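S.K.: requesting a structural model of the entry that follows:
(2 chains)
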Amino acid sequence: MYRYDDLDQAIVDQRVAEFRDQTRRFLAGKLSEDEFRSLRLRNGLYIQRHAPMLRIAIPYGLLSTRQLRKLGDIARRYDRSFGHFTTRTNLQLNWPKLEQAPDILAELATVQMHSIQTSGNCIRNVTADHMSGIARDEVDDPRPYCEIIRQWSTFHPEFSYLPRKFKFAVTGSPADRAASEVHDIGLHLKRDAHGRIGFKVFVGGGLGRTPIIAQCIREYVALPDILSYCESILRVYNRYGRRDNIHKARIKILVKALGIDPFRAEVEADWAASRATSTKLDPADVERVRAFFKPPAYEALSDIDAAGGREVEFQAWYRYNTREHKVAGYRAAYVCLKKHGENPGDITSDQMDAVAELADRYSFGMVRVTHNQNLLLADVRQQDLYTVWQRLKGLGLAMPNIGTLTDMIACPGLDLCSLANAGTYGVVKQIQQQFDDLDYLYDLGDIEIKMSGCMNACGHHHVGHIGILGVDKHGEEWYQITLGGSANGFTALGEVIGPSVRQNDVAPTIERIVETYREIREDGERFIDTVRRVGIKPFKESAYASHPAAA
Amino acid sequence: MRHILRRHEYVADDWRYFPQEGGGAGGAAASDSDALIVPLADFKADRASWLSRTGPLGVRIAPADKAEDLADDLPRLSLIAVTFPSFSDGRGFSQAEILRTRLGFKGRLRAVGAVKQDLIFYMARCGIDEFELAAGEDVEEASRALQRFTVAYQPGDPAVKLTRQRFFA
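M.R.: Numbers count the residues shown, from 1 in each chain, chains lettered A, B, ... in the order given. Presented below is the predicted three-dimensional model:
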């Protein structure tokens, strides 16, 4: 894992001092609400429905156990002893006090963490594949490049006041577990004919009010040039992106309005003019960062049949909640934050401490946050899996439902968020109750449900196999359902099946949809493949079959 | 009398804005030797006569203007004023970067508009070296903001002294 040097530490320390001063000036009436909003947001501090919310950056989802313990400690001392992991792999505290935010940031700085650029119209936390470095299918480990992007994008003098937020994702694998094609810039690691590492660059993707899939702007940019090339994309965006309408200000709208070819021509012209004087990536810097991501000290082991002869419950956990590892004798194990009855992504301080202890003992002291709102112990010896499972089970973190329908993504929705139009947690509970039979879940197989409480799409509903979007209809909470979205390797936006449904009808409607799938699926066919094969029509018919048509 | 924060010095502004503070094409109303800042549109409309003045000439650009349009005239310009219409409009940062780094402009680069202490460090790193502070800004605090950070990751104007920097051009 990357460790701060003097420069990194000075940046976060000086940032704490700056934010403390900004907060002081605001509380003293020297900064207007509007000005402080712009300043506090770019430090992850929102004012929500009931309280402020602080979003803490977890760059590319990687945490040391020391950091995880500190998060638990902060949640205990400054909040209500729990936190919420998001689809950008950040952690949100929902009840901190505004005047204590500088103290929280100072605590974070002691473990090389911060809240820098977790909101605001700037470059946000960069995300990566949670299987980085352990997946068999990857070209290269994306994390060193993510760390370089984190540093380069921190307080960038030219690109800190963009028209709108700007998100990067980097993937080293064709399976694209980072959903890179729904990002403002998606980088796919690839090698040229000489084996030199570089990136295929995608631009203009994003969800929100106007979901758009990114397009390829350049087949290959060599590693030393990647920062200057991204600067040219950002410069074209900063100059020509719309600032008159917040809903049309993302780069995706600019790329769409110009067309990818004219947009590319602008970027290439800027790059030709600026490349010589722009930021170069020195190979020595790359090597310095890469050295932090060397594989841990794996033992020479052989694969074993870890589940054989064990109880059925462990076998189910092994099958659903662990993943293949590129090193023999190891597997990656999920820490499931989707237990029925709990809110997706929520974790208590005590659980954070306990997971840290497990990771110290069984996974080289590291924990990963996935964009699906779970945690991952990436490097567990297969012989330790049974013990790890017993411990996780005791903590309520071993529900064997990863990849199934109840491994849902959900934003906090109307319960906490001031942007939301509808609640999500109530619907989550209904779905958990409706689908509380594991055998039924297993029969349904891989199904991704993603739910957002408003069109800002923090819950990525457009790319859920089943997407649920909360909408407000004359003061009532209704839910629009989409089918056929996906973001992993084959990116597609879901199609709306028809009128939105009432809160109490969401779970029954989903049951009718998946029952239709059970009736018409071919042997071994996943839900998403059936939807792609037959389209939404049969599902649309069954979805509205047994209740009065909604408004 | 308007004052300007020029680096760390707060000095009386020796420039006048055309047209609201006098002057005219060829310097009709103001003295021909006065230092005058002209909006880009006016400059373009009568380029030859503006350039024939004897006094120092500056041009003020708006956020939507292309800094590159001034490329040929940079050696004749002593000052370019970059406009920041609000706290959130960051187009001026790219204009400053293009003028300083790409086009090598050596004259004064002035920030006007929403010039607030929380933006000054970014402005200075993009090459802006004088600041027409927004109303109500505290001069001492604004001056200190020029050194708010002692380190940075990206390349920037070397006039902002850093103890460490990570990436270079």
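S.K.: can you pull out the strands in chain B?
M.R.: Per DSSP state E, chain B carries strands over the ranges B:3-6, B:9-12, B:16-17, B:36-39, B:57-61, B:79-84, B:108-113, B:130-131, B:151-152, B:164-165.
S.K.: partner strands of the second one, with direction?
M.R.: According to DSSP bridges, strand B:9-12 has the following sheet partners: strand B:3-6 (antiparallel).
S.K.: who's in contact with the partner strand?
M.R.: B:10-13, B:108, B:110, B:129-133, B:139, B:142-143 (Cβ atoms under 8 Å, 6 or more residues apart in numbering or on different chains). The way it works is simple: take the backbone N, C-alpha and C, and place the C-beta from them, glycine included.
S.K.: do stretch B:133-144 as well
M.R.: B:3, B:5, B:8, B:10, B:113-117, B:120, B:131.
S.K.: okay if I get the residues you listed as CSV plus pLDDT, neighbour count and distance to A:Asp5?
M.R.: Output for the contacts of stretch B:133-144, formatted as CSV (pLDDT from 0 to 100; neighbours: other Cβ atoms under 10 Å in any protein chain shown; distance: Cβ to Cβ, whole Å):
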residue, pLDDT, neighbour count, distance to A:Asp5
B:His3, 96, 13, 40
B:Leu5, 98, 23, 33
B:His8, 92, 11, 29
B:Tyr10, 97, 15, 36
B:Gly113, 97, 19, 37
B:Ala114, 96, 17, 35
B:Val115, 98, 24, 33
B:Lys116, 96, 22, 31
B:Gln117, 97, 24, 28
B:Ile120, 97, 24, 27
B:Phe131, 98, 27, 32
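S.K.: got the end-to-end distance for stretch A:274-282?
M.R.: 17 Å (Cα to Cα, to the nearest Å).
S.K.: check which residues of that stretch are buried.
M.R.: Neighbour-count burial for stretch A:274-282, counted by 16 or more other Cβ atoms under 10 Å in any protein chain shown, picks out A:274-275, A:277-281.
S.K.: quick one: which of the residues you listed sit in helices?
M.R.: Among these, DSSP state H puts A:Ser274 in helices.
S.K.: ok, the residue nearest to B:Gly107 when sequence neighbours are not counted - contacts?
M.R.: The shortest distance from B:Gly107 to any non-neighbouring residue, by Cβ to Cβ, 6 or more residues apart in numbering or on different chains, is to B:Ser78 (4.8 Å). For B:Ser78, the contact set (Cβ under 8 Å, 6+ apart) comprises B:35, B:56-58, B:107-108.
S.K.: which PyMOL command selects the buried ones in those?
M.R.: To isolate the buried members of those in PyMOL, using 16+ other Cβ under 10 Å:
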select buried, chain B and resi 35+56+57+58+107+108
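S.K.: tell me if I am right that A:Gln117 is in a helix.
M.R.: No - applying DSSP: H, G, I helix; E, B strand; the rest coil, one finds A:Gln117 to be coil, outside a helix.
S.K.: quick one: pLDDT of it?
M.R.: Note for A:Gln117: predicted pLDDT of 97.
S.K.: what residues does chain A have near chain B?
M.R.: By Cβ under 8 Å from any Cβ of the partner chain, the residues of chain A that approach chain B are A:6-7, A:10-11, A:14, A:18, A:22, A:34-35, A:38-39, A:121, A:151-152, A:154-162, A:227, A:235, A:238-239, A:243, A:273-274, A:277-282, A:285.
S.K.: report how many residues lie close to A:Gly29.
M.R.: The burial count assigned to A:Gly29 is 7, neighbours taken as other Cβ atoms under 10 Å in any protein chain shown.
S.K.: in three-state terms, label it for me.
M.R.: A:Gly29 - assigned by three-state DSSP - is coil.
S.K.: so where's the stretch 451-551 of chain A uncertain?
M.R.: Counting by pLDDT under 70, the stretch 451-551 of chain A shows low-confidence ranges at A:546-551.
S.K.: now do chain B
M.R.: Applying pLDDT under 70 to chain B picks out residues B:23-30.
S.K.: again, only using 50
M.R.: Where chain B drops to pLDDT under 50, the residues are B:26-28.
S.K.: residues of it that sit close to chain A?
M.R.: Residues of chain B lying near chain A (Cβ under 8 Å from any Cβ): B:87-91, B:93-94, B:97-98, B:101-102, B:116, B:118-119, B:121-122, B:125-126, B:148-156, B:163-169.
S.K.: kindly calculate the angle that the lengthiest helix in chain B makes with strand B:108-113.
M.R.: Counting by DSSP H, the longest helix found in chain B is helix B:117-125. Angle of helix B:117-125 versus strand B:108-113, following axes from the mean of the first three to the mean of the last three Cα atoms, to 10 degrees, is 160 degrees.
S.K.: what subset of the contacts of strand B:3-6 is buried?
M.R.: B:13, B:108, B:110, B:129-133, B:142-143.
S.K.: who are the contact partners of the residue of chain B found nearest chain A?
M.R.: Here the residue of chain B nearest chain A is B:Gly90; by Cβ to the nearest Cβ that distance is 2.8 Å. Going by Cβ under 8 Å, 6+ apart, B:Gly90 touches A:121, A:158-162, A:238, B:84.
S.K.: these in strands, which ones?
M.R.: Per DSSP E, the subset of these in strands is B:Phe84.
S.K.: and A:Leu98, how many neighbours does it have?
M.R.: A:Leu98, neighbours per other Cβ under 10 Å, totals 16.
S.K.: for it, give its distance to chain B.
M.R.: 18 Å (Cβ to the nearest Cβ, to the nearest Å).
S.K.: who's the most centrally placed residue in chain B bridged to?
M.R.: Geometric centre of chain B, nearest residue: B:Arg110, 1.8 Å, by Cα atoms, centre = their mean. Beta-bridge pairing of B:Arg110 under DSSP bridges involves B:Ala81, B:Glu130.
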